[in-house]
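**Student:** Only the shape, not the letters, is given here:
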């Protein structure tokens, strides 16, 4: 058989789904051509397909960058036979190393169900730490929109909302996959039933957290919009006050700017009289605003 054996485990790994090794193994093991096609056409849904001589699984492995908060889900395909498994990842990930490392101290021989459980557990274990990191970013955003609602905060909110939608979509697919496992284990008593149930509960918790974080982001968005609206209202309030204060002065200057004779305009103190009227009108408007508690 071609492929890369994983230590002394009943596990054959094919790193490149486009390699001819997959075609050779598929021919030897009688894998269905549609399953092989799924391995090569990426972004499949998480699923479990039963055949007469094997079971085909598509798990969703998470690739998450904690620094720039970028994530991507990749397919991790598993062909399960009675005495061994064949895995075909979409790209380079750490599932192989983590799963084989976890089984390094396990008793030999390792049964195929135990091997499959370990792979699924390693895949799902990456979900919650990534979600906790997203939660920390949401906390920072909430503080930022309260202190300084800048447009950058709005961009971060929409970026995280898109991430959570993608996260939730793939987690729900994995939940349905594990639900299928749990139902099958209920029909056939197996010591791994509780382990599969544990993975299922982790996925339920992950989905609950994504919903909670989406609600928090919605709240942060509402706070941002309210803060921006309040700031706009404050600006408009100040401009309205300035404009209202200027109205009496505009009226006085307009009257004394007419091309008709106005009593007192030729007097020695006419200029100072006009300035006095403008000052008194301004003070009167300010006093009225203060009395009404408009500022």
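**Tutor:** Structure's in. What do you need? Here the structure is a predicted model, which means the values were calculated and not measured. Residues are numbered from 1 along each chain as shown.
**Student:** What segments of the stretch 1-150 of the chain are helices?
**Tutor:** When assigned using DSSP state H, counting those that start in this stretch, the helices of the stretch 1-150 of the chain occupy the ranges 20-29, 33-40, 95-102, 112-125, 127-147.
**Student:** So which elements touch the second one?
**Tutor:** With contacts defined as 3 or more C-beta pairs under 8 Å, 6 or more residues apart in numbering; DSSP states H and E, the packing partners of helix 33-40 are helix 20-29, strand 55-65, strand 70-80. For glycine as for every other residue, the C-beta is placed from the backbone atoms N, C-alpha and C.
**Student:** pLDDT on the last one, on average?
**Tutor:** Which is strand 70-80. Here strand 70-80 scores 95 as its mean pLDDT.
**Student:** again with the second one
**Tutor:** Model confidence over strand 55-65, given as mean pLDDT, is 95.
**Student:** how big is the angle separating that strand from strand 70-80?
**Tutor:** Angle of strand 55-65 versus strand 70-80, following axes from the mean of the first three to the mean of the last three C-alpha atoms, to 10 degrees, is 160 degrees.
**Student:** Residue ranges in the chain under the pLDDT threshold?
**Tutor:** Filtered on pLDDT under 70, the chain yields the residue ranges 1-2, 184-190, 259-260, 264-267, 295.
**Student:** and residue 113, how many neighbours?
**Tutor:** 16 (other C-beta atoms under 10 Å).
**Student:** looking at the helices and strands packed on helix 33-40, which is closest to residue 257?
**Tutor:** Ranking the helices and strands packed on helix 33-40 by distance to residue 257, with C-beta to C-beta as the measure, places strand 70-80 first at 64.7 Å.
**Student:** got the contact list for that closest one?
**Tutor:** 17, 29, 31, 35, 38-39, 42-44, 54-65, 85-91, 93, 95, 112, 116, 119, 123, 130, 163, 166-167, 170 (C-beta atoms under 8 Å, 6 or more residues apart in numbering).
**Student:** buried subset of these?
**Tutor:** 17, 31, 35, 38-39, 54-64, 85-90, 93, 95, 112, 116, 119, 123, 130, 163, 167, 170 (16 or more other C-beta atoms under 10 Å).
**Student:** still on that earlier bit, let's have the helices and strands packed on helix 33-40 in TSV, adding distance to residue 291.
**Tutor:** As requested, those are exported to TSV (distance: least, C-beta to C-beta, whole Å):
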stretch	distance to residue 291
helix 20-29	84
strand 55-65	59
strand 70-80	57
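**Student:** Show the backbone phi and psi for residue 10.
**Tutor:** Phi and psi for residue 10, reported as degrees, to the nearest 10, are phi -80, psi 70.
**Student:** Now it: closest residue in space, sequence neighbours ignored.
**Tutor:** Spatial nearest neighbour of residue 10, excluding adjacent residues (C-beta to C-beta, 6 or more residues apart in numbering): residue 84 at 3.9 Å.
**Student:** and the one you found, how many neighbours?
**Tutor:** Neighbours of residue 84 (other C-beta under 10 Å): 17.
**Student:** Would you confirm that it contacts residue 11?
**Tutor:** Yes - Residue 84 is within contact range of residue 11, at 6.7 Å (criterion: C-beta atoms under 8 Å).
**Student:** Contacts only, for residue 149.
**Tutor:** 223, 224, 227, 228, 231.
**Student:** what about residue 144, how many residues close to it?
**Tutor:** Residue 144: 18 surrounding residues under other C-beta under 10 Å.
**Student:** That one contacts residue 151, doesn't it?
**Tutor:** No - when contacts are counted by C-beta under 8 Å, residue 144 is not listed as touching residue 151 (11.3 Å).
**Student:** how about stretch 170-179: buried residues?
**Tutor:** 170, 171, 172, 173, 174, 175, 177, 178.
**Student:** Which secondary structure elements does the host helix or strand of residue 198 sit against?
**Tutor:** Element membership for residue 198, per DSSP states H and E: helix 193-255. Here helix 193-255 touches helix 112-125, helix 127-147, helix 151-187, helix 270-291, going by 3+ C-beta pairs under 8 Å, 6+ apart.
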